[in-house]
Each structure stands twice: as C-alpha cells, then as structure tokens.
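Novice: sequence plus the predicted model coming up.
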Amino acid sequence: MDCEQTIRQVYLYLDGELTTLRRWQITRHLNRCPPCHHGFDFELELRQVIATRCHDEVPPELKARIAQAIGLFEPDPPAERPRLVDGPDQA
Ligand SMILES: [Zn+2]
C-alpha cells in the first residue's frame with residue numbers, strides 16, 4: 001500500500017467498512033509512515049470531537065434551528081387531537 005491508497009482507505013477504515021486484512025495493511029502503513037499517521041490521528045480526533053459535540057453539547061435552540069433548517073421542525077403538530085371543545089362525538 002502506498003500513501004495515496006492508505007489515505008483513501010482511512011475513511012473506510014474509520015467507518016469500519018474494511019476487511020481485517022485491509023485494516024492490518026493500513027495499520028502497518030500508518031506505523032511506518034509518520035505523515036499518514038499524523039493524518040489518521042487528525043481524522044480520528046476530528047470524528048471524536050464531532051461525535052461528542054453532536055451527542056452532548058448541542059444546546060436545544062441550536063437543535064431546533066438545525067431541525068428547522070433540514071425540514072424536520074413542526075412547531076404545531078397537525079390535527080389528530082381529541083376534541084375538547086365540541087363535546088362528545090355522537091356516532
Ligand atoms: Zn504514507
């Protein structure tokens with residue numbers, strides 16, 4: 001494996017989408033190649049930061065804004081409420 005192959009596969013490695021052999025080949029390259037190893041560390045750290053922030057540290061307002069931005073936010077859930085005003089339904 002050369003550097004370019006390794007870097008390209010590091011993402012798959014991190015996503016757990018590689019066979020044991022591939023993972024071993026990448027690990028071996030990283031252990032021998034400081035520049036690639038540094039890149040891998042950076043990528044790993046970045047993912048950990050993202051994962052941590054996403055799970056623990058997002059304030060509710062920001063979550064709401066994100067949900068709104070991607071179209072999940074429904075401020076007022078439609079219909080399907082029990083009727084409290086009109087009295088009991090008569091079948
Ligand atoms: Zn390398």
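Specialist: Structure received.

Novice: for this structure, what lies in contact range of the ion?
Specialist: Within the chain, the positions near the ion by CB under 5 Å from the ion are 3, 33, 36. The way it works is simple: take the backbone N, C-alpha and C, and place the C-beta from them, glycine included.

Novice: Produce a PyMOL select command limited to the buried residues of the residues you listed.
Specialist: With 16 or more other CB atoms under 10 Å as the criterion, this PyMOL line picks the buried residues out of the residues of the chain next to the ion:
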select buried, resi 33+36
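
Novice: closest to residue 12 among the residues of the chain next to the ion?
Specialist: residue 36 (14.5 Å; CB to CB).

Novice: who's in contact with the closest one?
Specialist: Contact analysis of residue 36 by CB atoms under 8 Å, 6 or more residues apart in numbering lists 3, 6, 7, 10, 29, 30.

Novice: same question, residue 63
Specialist: Residue 63 touches nothing, counting by CB under 8 Å, 6+ apart.

Novice: where along this protein do the helices fall?
Specialist: 3-14, 20-32, 34-56, 60-69 (DSSP state H).

Novice: and those, which one averages the lowest pLDDT?
Specialist: Mean pLDDT is lowest for helix 60-69 among those, at a mean of 79.

Novice: what's the angle from that helix to helix 34-56?
Specialist: Angle between the axes of helix 60-69 and helix 34-56 is 100 degrees (criterion: axes from the mean of the first three to the mean of the last three CA atoms, to 10 degrees).

Novice: tell me, how many residues neighbour residue 68?
Specialist: 12 (other CB atoms under 10 Å).

Novice: what about it, distance to residue 60?
Specialist: Residue 68 sits 12 Å away from residue 60, going by CB to CB, to the nearest Å.

Novice: could you do residue 2 as well?
Specialist: Using CB to CB, we find residue 2 at a distance of 47 Å from residue 60.

Novice: also residue 41?
Specialist: Counting by CB to CB - residue 41 and residue 60 are separated by 33 Å.
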